[in-house]
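Participant: The sequence and its predicted three-dimensional model are supplied below.
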Amino acid sequence: MARVWDIATEADAAIDAAISAVMDGACIVLPTDTVYGIGADAASGHAVQGLLDAKERGRDMPPPVLIAEVAMLRALSEEVTDDVLALADAFWPGALTLVVNAHPHLRMDLGDRGDTIAVRVPDHDFTRELLRATGPLAVSSANVSGQPAATTIEEAQRQLGSRVRVYLDGGPAGEGEPSTIVDLSSGTPTILRQGRISRAALAAILPALAEPEPEPEPGPEPGPEPEPQPELEPESGSALEAAPEKPDNVLEDDPQDAPDA
């Protein structure tokens with residue numbers, strides 16, 4: 001049966017309960033500096049699948065991994081580049097998720113992640129203490145896919161219910177704005193999702209950051225409607241009278257549906 005622990009008044013017991021749940025392959029809900037997250041043992045494919053099932057989410061959307069310290073990044077990625085360290089030093093702990101090349105020997109079945117992994121150090125003292133005890137956790141927003149991310153423990157409970165064993169109540173979570181995601185896995189660093197950390201703040205640390213895709217230019221405005229021409233009264237038996245009228249819809253086509261955003 002799911003239980004709620006108040007981390008303000010029972011922090012030690014809350015961490016013990018969370019550790020026990022993670023070791024058993026169960027899901028927990030934990031506070032972060034952005035929104036509440038649903039977490040599971042990142043090293044257990046079974047546990048991560050339980051997280052995806054709880055969210056009703058497919059393997060094509062693998063969750064990021066939360067770690068307690070920048071130093072733990074080297075266990076997940078063999079290529080901790082200068083760009084990675086520059087952004088980590090500037091914004092970790094904080095609302096920045098970095099997509100990096102995963103270590104070739106990394107055994108984490110997070111879903112269809114390819115050769116990369118998304119990593120973040122949250123700016124939340126209790127959660128980092130928990131991560132030091134559990135090791136890296138796969139964490140996604142605490143909600144059923146398609147529903148709003150939970151910013152209170154009550155919202156998380158309403159959506160996830162008994163799919164989670166332990167709820168860690170830290171009060172209202174952060175500002176409710178998600179982390180910014182930057183891809184550093186290949187080529188030019190690129191923002192994949194704009195979140196709390198602005199592009200300007202990132203570019204101040206990493207000038208090579210790719211410019212966002214330009215907005216498509218609007219098409220030309222339609223010209224004025226032509227003035228109607230006066231109708232001619234054909235003489236009886238003339239060619240005008242004999243010519244067949246053009247059907248009204250000859251040049252009209254059904255508009256194409258716009259693609260999804």
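Facilitator: Nice, I can see it. Numbers count the residues shown, from 1 in each chain.
Participant: quick one: what helix or strand has residue 185 in it?
Facilitator: Using DSSP states H and E, residue 185 sits within no helix or strand.
Participant: any idea how far it lies from residue 205?
Facilitator: 18 Å (CB to CB, to the nearest Å). Quick note: C-beta positions are derived from backbone N, CA and C, even for glycine.
Participant: Which one's more surrounded, the two?
Facilitator: The neighbour comparison of residue 185 against residue 205 (other CB atoms under 10 Å) goes to residue 185, with 20 against 13.
Participant: So for that one, what's the nearest residue that isn't a sequence neighbour?
Facilitator: Distances taken as CB to CB, 6 or more residues apart in numbering place residue 116 nearest to residue 185, at 4.6 Å, with adjacent residues excluded.
Participant: what about that neighbour, how many residues close to it?
Facilitator: Around residue 116 there are 16 residues (other CB under 10 Å).
Participant: Quick check: phi and psi at it.
Facilitator: phi -120, psi 170 (degrees, to the nearest 10).
Participant: correct me, but it touches residue 97?
Facilitator: No - taking contacts as CB atoms under 8 Å, residue 116 lies outside contact range of residue 97: 11.6 Å.
Participant: For residue 70, which non-adjacent residue is closest in space?
Facilitator: Closest to residue 70 by CB to CB, 6+ apart is residue 88, at 4.9 Å.
Participant: packing partners for the strand or helix carrying that neighbour?
Facilitator: Assessed by DSSP H and E, residue 88 sits inside helix 82-91. With contacts taken as 3 or more CB pairs under 8 Å, 6 or more residues apart in numbering; DSSP states H and E, helix 82-91 sits against strand 96-101, helix 199-205.
Participant: so which of these gets nearest residue 26?
Facilitator: strand 96-101 (24.2 Å; CB to CB).
Participant: circling back to that earlier point, most tightly surrounded among the helices and strands packed on helix 82-91?
Facilitator: Highest mean neighbour count of the helices and strands packed on helix 82-91: strand 96-101, a mean of 23 (counted as mean count of other CB atoms under 10 Å).
Participant: How about whichever helix or strand comes after that one, which residues are buried there?
Facilitator: Next in sequence after strand 96-101, counting helices and strands by DSSP H and E, comes strand 116-120. By neighbour count with 16 or more other CB atoms under 10 Å, strand 116-120 contains the buried residues 116, 117, 118, 119, 120.
Participant: again with stretch 40-53
Facilitator: 40, 41, 42, 43, 44, 45, 47, 48, 49, 50, 51, 52.
Participant: Pick out the most distant pair among the buried residues of strand 116-120.
Facilitator: Spatial extent of these (CB to CB) is set by the pair 116 and 120 at 13.8 Å.
Participant: Can you name the residues that contact the residue most central in space within the chain?
Facilitator: For the chain, the residue nearest the mean C-alpha position is residue 193 (6.8 Å; CA atoms, centre = their mean). Applying CB atoms under 8 Å, 6 or more residues apart in numbering to residue 193 gives the contacts 178, 179, 180, 181.
Participant: Out of those residues, list just those in helices.
Facilitator: Using DSSP state H, no member of the contacts of residue 193 sits in helices.
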